[in-house]
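**Student:** Starting from these lines, generate the structure:
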Amino acid sequence: MSTDLNSRPGRPAAAVSSASVKLLADLTPLRESPAFRRLWAGTTLSSVGGAMTTFAVTLQVWDITRSTVAVGLVALVTLVPLLAIGLSGGALIDAVDTRRLVLGCTGAMMAISAAFTVQAWLGLDQVGVLYALAAVESAVSAINAPARRSLTPALLPAGQLAAAQALQRVTFQLMMIGGPALAGLVAGAPHLGLRGCYLIDTVSFAAALYGVGSLPKTITSEKSKPDRSERSRVSAITAGFSFIGRTPVLAGAFAADVCATFFGLPTSLFPALNAERFGGDPRTLGLFTAAIGVGGMLTAVLSGPLARLARQGAAMLVSVTVWGAAFAVFALAHSLWLTLLALGVAGAADTITVVIRGTIVSTVTPPEFRGRVMAADYVVGAGGGQLGSLEAGALGELTTPVISALSGGLAVVAAAGVLALALPAFRRYRAAGPAENLPATPTTPAENLSATPTTPVENLSATPTTPLEAVDGVGDRADPAGAPG
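**Tutor:** Numbers count the residues shown, from 1 in each chain. Now for the predicted structure:
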C-alpha cells in the first residue's frame, strides 16, 4: 500500500481536497459582493438577537403561568397576524421599493424589541402584554422576512444564487445555535435575566439596519409587471394560490413541510420536559434548541451534495420521516446526551427539508409569481410551526408532555407515507440538470410541473424559509431564516 501511494504522489491528497470542496458550502457570494456580505452579516447578527427574544418570551410565559397551553398560545397569537399579513405580503413586496420596505420593517421590529425590554425591566409579568407584542412583531415579520430575501437576486449574478441560499441557511443555523445558548446563559446570570435577552436583541438590530441601509439606493429586486387580468390585490393573491394548486411539486413540498411542523414540532413542551427531567435549569433549556441548531449547521456547512441531488421529492419525504422519528426518540429520552442527540438529528433533517423545498420553489416558480409564492413559502414554514406549537401544548395539557411529543413524531412518519402514496408526481420529481433547467414549453405533467415556463436566471433565485420559525416553531421553523430580530 505504501509503495503504491509513493508511486503516485499527491493524488490521494488532491482527491481528499476535491471531495472537501464539494462537501463545503460555497463562500463565493461573500467574497465577491461587499453589499451581499454586509446584508448577510447584519441579518446574521440580528437573527441571533431575535432567537434570544423567542427564547425569552417562551420562558417568561412559562414562568408566569406554568402552563403548556399558555406557552402554546404564543404560537396562536403570532399565527393569526402571520397568516393575515403574510398571505397578502407577496403582492405588496412586488409593488413597492423593497429596500425602503425592509428598512421600515426593521426599524419597527427594533422598537418592538425595545418594548419587550421595558416590560421586563419594569417587572410587569403580564401575559397579555407579551402576547400583544409577539402578535405585532409577527405581523411585521410577515412582510420583512420575504422582502429581505427578495433583495438577494438583485445583488448577485444568477450563478451565485444557489450558494447564497445555502449561506442563508447557515445564518439560520447560527441563530439556532448561538441565540438559545446565549439566551440561556444571560437568563441565568445575576442582574441580567430575561431583560438582558431583550436588550441584546434590541441592540442587534443596528447591524440589520446597517446591512440594508448600506445597499445602493437604486437597488431593485427582480420584479415583473403584473398580469393585466389581475385587477386587484385580492385577485393577484388568488392567482398565486391557483398557481401553487396546479403545480403538484409545490403543493407536495408545502404539504410535507406543514405535516412535519404541525405534528412534529413540540417546542411548547420544551420548558415542561426540561422541568420534569432536568430541574428546569434555563441553561439546559437553551441546549435543547441549540442542539437542533448544531445538527442543522453541520448539514448546512456540508450542503454541497444537496446541490447535485436529483430525486428531490423522495429525498424531502425521507428527511421529513427522519424529523418525525427523531422527535419520537426525544419524547422517550431521559438522559441529556440522548435528548440532545435526537434533537441534533432532527435539526439535520430540518435543514435538508428546507434546502430542498427552497430549491424546488426557486426552480418551478416563474418571475410573475415569485413574490406571492415566496410569501406563501414563508407562511408555510412559519405558520406550520405556530400551529404545531399550539397543538403540542394543548395535547400536552390534556395528556402529558411525553405523550404529546411521542404521538406527534409518529404522526409525522405516518403523514410522510400518506403523501408518498397520495402525490406520486411529487414523490417521483427529479431536478433538472444544470444545463436543462425547465423546458421552454410544457412537456408532460410529470416532467414539467410548472404551469408557466421559467428561464435559467429565474431558476436560480433563492427562497429559503424557515422556523422556532417557532415562532415559527423550530428550524425553518422557530424564527424564519432571513427574518432578523
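**Student:** chain center to stretch 345-359, what's the gap?
**Tutor:** Distance of stretch 345-359 from the chain centroid (Cα atoms, centre = their mean, to the nearest Å) equals 9 Å.
**Student:** Quick one: mean pLDDT over it.
**Tutor:** The average of the pLDDT scores along stretch 345-359 is 87.
**Student:** Could you measure from A95 over to S88?
**Tutor:** Here A95 is placed at a distance of 11 Å from S88 (Cβ to Cβ, to the nearest Å). For the C-beta atoms, the positions are set from N, CA and C on the backbone; glycine is no exception.
**Student:** and what of D125?
**Tutor:** Distance from D125 to S88, by Cβ to Cβ: 35 Å.
**Student:** Near R427, how many residues? Count them for me, please.
**Tutor:** 17 (other Cβ atoms under 10 Å).
**Student:** Quick check: pLDDT value at it.
**Tutor:** So, for R427, pLDDT stands at 91.
**Student:** residue ranges with poor pLDDT in this protein?
**Tutor:** Along the chain, the parts satisfying pLDDT under 70 run over 1-22, 158-159, 161-162, 220-233, 307-308, 367, 432-485.
**Student:** report the longest helix in it, please.
**Tutor:** Taking DSSP state H as the assignment, the helix of the chain that covers the most residues is helix 34-65.
**Student:** any idea which helix or strand comes after it?
**Tutor:** helix 68-95 (DSSP states H and E).
**Student:** Show me which residues of that next one are buried.
**Tutor:** Across helix 68-95, burial judged by 16 or more other Cβ atoms under 10 Å covers 68-79, 81-83, 85-94.
**Student:** Buried residues in the helix or strand just after it, which are they?
**Tutor:** With elements assigned by DSSP H and E, the helix or strand that comes after helix 68-95 is helix 98-121. Going by neighbour count (16+ other Cβ under 10 Å), the buried part of helix 98-121 is 98-99, 101-110, 112-113, 115-117, 119-120.
**Student:** ok, now stretch 268-279?
**Tutor:** For stretch 268-279, the neighbour count (16+ other Cβ under 10 Å) marks S268, L269, F270, P271, A272, L273, N274, A275, R277, F278 as buried.
**Student:** Now do the buried residues in stretch 403-414.
**Tutor:** For stretch 403-414, the neighbour count (16+ other Cβ under 10 Å) marks S404, A405, L406, S407, G408, G409, L410, A411, V412, V413 as buried.
**Student:** can I get the CA coordinates of it in CSV?
**Tutor:** Extracted in CSV, the C-alpha atoms of stretch 403-414 (Å, rounded to 0.1, in the frame of the first residue of the first chain):
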residue,chain,number,x,y,z
ILE,A,403,-47.4,11.5,25.1
SER,A,404,-47.8,14.8,23.1
ALA,A,405,-44.3,14.7,21.8
LEU,A,406,-44.3,11.0,21.0
SER,A,407,-47.6,10.9,19.2
GLY,A,408,-46.6,14.0,17.2
GLY,A,409,-43.4,12.4,16.0
LEU,A,410,-45.1,9.2,15.0
ALA,A,411,-47.8,11.1,13.2
VAL,A,412,-45.2,12.8,11.0
VAL,A,413,-43.8,9.5,10.0
ALA,A,414,-47.3,8.3,9.0
